[in-house]
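Peer 1: Build me a structure from this.
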Amino acid sequence: MRDLSLSTAIKLSLFAIVAASISVFAPAYALQQVAIAIAYAIAILGLNLLMGYAGQICLAQGTLFGVGAYVTAILNATYGVSPLATLPVAAAVSAAVGLLIGLPALRLQGLQLAIVTFGIAAAFPQLLLKLGSLTGGVSGLPVDAPETPGFMTDVPELWLYLIALACAGIGALLVSRVLFGDAGRALRAQRDNPQIAQALGVNLTRTRLWAFATSSALAGLGGGVFAIVSGFISPESFLAILSINIVIGSIVGGVTSMAGAFVGGLFMVFVPSWASDINLSLGNLIYGLALILIMMVARNGITGFIEKWISMIFRRAAG
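Peer 2: Here you go, the predicted model:
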């Protein structure tokens, strides 16, 4: 328990140092990019809960992310609701949609569930175009920037970064409370052995649907943050490939790690851009090789790799 508390304290301290350093030293454009990465990280956090702890595969997280983004955009652009006030609604609507998506999980598992959810992700952009009177169609929807405090008017990107960081903190707190409570134990039990979990009194139907709803709410919250930070959304932002990239971010960061969600979000935003900067014509090749290298070196994700080396250092120091 003492080691666990020390490990948690170290992680929180490192996170606080990195977050503060970014806010102080990063230029305005980089702050906005990091805020977008945090929005993706919130969605990855939900997917980690679903895949890593509940054992359910979902390739529609990008769709739920898009639902949250469009709820924020529609409420703001059409009804004049303050952008920040739309975030709880975005999370709630996405949770409701996630419950519907989760219904097949009661009968389907593994690759079958993956195909069903990916079909939803593939259909979502077309649905947005069909509902053009509500979603703005191919023209998309603008989102007003939240009012910036007076002392931040020179750097509005810093305010967007802090909003994204606060929402991520709320999401991380929610997930941590879930994982270290009875609900977390029920999730892991039905993941490891559904028959034994059911014999011990775990309601598999309720647990799986609850996992989908919670994961979807986080995706919707991330989508709402994305809409606010970006200032504009369109169907092009929520193609099926987004769901695949969120899964990649989850695996690269560490599918059972909360810190891994933030690593995965940063990976989603910055690594493809850096790969293209190295060589524009070979950007996809470099990105693919980076993925292969990471999976060969860090099979439990980047955070798992770092934690492994930190624990080795502590053991040698203690010995």
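Peer 1: going forward, measure contacts and count neighbours with C-alpha atoms only.
Peer 2: Noted.
Peer 1: got the buried residues for stretch 29-47?
Peer 2: 30-47 (16 or more other CA atoms under 10 Å).
Peer 1: pull the CA atoms of stretch 27-41 into CSV?
Peer 2: Only the C-alpha atoms of stretch 27-41 are listed here, as CSV (Å, rounded to 0.1, in the frame of the first residue of the first chain):
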residue,chain,number,x,y,z
PRO,A,27,3.7,29.2,-27.3
ALA,A,28,0.0,30.1,-28.0
TYR,A,29,-0.4,27.7,-31.0
ALA,A,30,1.2,24.8,-29.1
LEU,A,31,-1.2,25.5,-26.2
GLN,A,32,-4.1,25.1,-28.5
GLN,A,33,-2.7,21.9,-29.9
VAL,A,34,-2.1,20.5,-26.4
ALA,A,35,-5.7,21.4,-25.5
ILE,A,36,-7.0,19.4,-28.5
ALA,A,37,-4.7,16.5,-27.4
ILE,A,38,-6.3,16.7,-23.9
ALA,A,39,-9.8,16.6,-25.5
TYR,A,40,-8.8,13.4,-27.3
ALA,A,41,-7.3,12.1,-24.0
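Peer 1: So what touches it?
Peer 2: 22-23, 155, 157-158, 160-161, 164-165, 168, 221-223, 225-226, 229-230, 246, 261-266, 268-269 (CA atoms under 8 Å, 6 or more residues apart in numbering).
Peer 1: hang on, the earlier thing: so of the buried residues of stretch 29-47, which ones are in helices?
Peer 2: In this view, these that belong to helices under DSSP state H are 30-47.
Peer 1: Which residue ranges of the stretch 201-319 of the chain form strands?
Peer 2: Counting by DSSP state E, counting those that start in this stretch, the stretch 201-319 of the chain has strands at residues 232-233.
Peer 1: any low-confidence regions in it?
Peer 2: 319 (pLDDT under 70).
Peer 1: okay, the residue nearest the centre of the chain: pLDDT?
Peer 2: The residue lying closest to the centre of the chain (CA atoms, centre = their mean) is residue 43, at 1.9 Å. Per-residue pLDDT puts residue 43 at 97.
Peer 1: list the contacts for the nearest residue to it once chain neighbours are set aside?
Peer 2: Nearest residue to residue 43, sequence neighbours excluded (CA to CA, 6 or more residues apart in numbering): residue 219, at 4.0 Å. Contact analysis of residue 219 by CA under 8 Å, 6+ apart lists 42, 43, 44, 46, 47, 61, 62, 64, 65, 68, 91, 94.
Peer 1: let's see it at 7 Å
Peer 2: By CA atoms under 7 Å, 6 or more residues apart in numbering, the contact list for residue 219 reads 42, 43, 46, 61, 64, 65.
Peer 1: Is it possible to get TSV of the residues you listed that adds distance to residue 111?
Peer 2: Compiled in TSV, these are given as follows (distance: CA to CA, whole Å):
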residue	distance to residue 111
42	25
43	21
46	20
61	16
64	20
65	22
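Peer 1: Which two among those are spaced furthest apart?
Peer 2: 42 and 64 (11.8 Å; CA to CA).
Peer 1: so how far is residue 120 from residue 263?
Peer 2: Separation of residue 263 from residue 120 (CA to CA, to the nearest Å) stands at 26 Å.
Peer 1: Between these two, point out the one with more neighbours.
Peer 2: Just comparing residue 263 and residue 120: by other CA atoms under 10 Å the higher neighbour count belongs to residue 263, 23 against 19.
Peer 1: what separates the nearest residue to the more buried one once chain neighbours are set aside from residue 244, distance-wise?
Peer 2: Distances taken as CA to CA, 6+ apart place residue 253 nearest to residue 263, at 5.1 Å, with adjacent residues excluded. In this view, residue 253 and residue 244 are 14 Å apart by CA to CA.
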